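Chemist: Just the structure for this:
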Amino acid sequence: QVQLVESGGGLAQPGGSLRLSCVVSGFAFSNYPISWYRQAPGKMRALVARITTDGASTNYADSVKGRFTISRDNAKNLVYLQMNSLKPEDTAMYLCARGWTTWDNWGQGTQVTDST
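Modeler: A predicted model of the protein is given here:
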């Protein structure tokens, strides 16, 4: 079955970096765009970044532009989210999802928490 599994979350200091990974299985990974979302306590789930099937095009929320980078390795069925210059407001559960404008499968998420 379709599975997306996130990892790489943890405690992060302001100004620090983390790299999240999303490994997928159960479908032809290279045929689908992938998105990263996040959901902070008491807030709506929000799109953070997304990437096309070949990685040639990406799209970011204004709040993370210039700090986060999404990439993918189609040979390894992996999508990454490199997060630099982290801010306390980046604290959230981060989830990967299959799709670009509609999303039909989601991972369980990995938690990123401000360490201060």
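
Chemist: Tyr32 contacts Arg98, correct?
Modeler: Yes. Contact between Tyr32 and Arg98 holds when scored by Cβ atoms under 8 Å: they sit 5.1 Å apart. The C-beta positions use only the backbone N, C-alpha and C, and glycine is treated the same way.

Chemist: Which of those two has more residues huddled nearby?
Modeler: More crowded of Tyr32 and Arg98, by other Cβ atoms under 10 Å: Arg98, with 22 against 18.

Chemist: Look up the closest residue to the more buried one, ignoring the ones flanking it.
Modeler: Using Cβ to Cβ, 6 or more residues apart in numbering and skipping the chain neighbours, the partner closest in space to Arg98 is Asn105 (4.5 Å).

Chemist: Which neighbouring elements make contact with the one helix or strand the one you found maps to?
Modeler: Counting by DSSP states H and E, the element that carries Asn105 is strand 103-106. Judged by 3 or more Cβ pairs under 8 Å, 6 or more residues apart in numbering; DSSP states H and E, strand 103-106 is in contact with strand 92-99.
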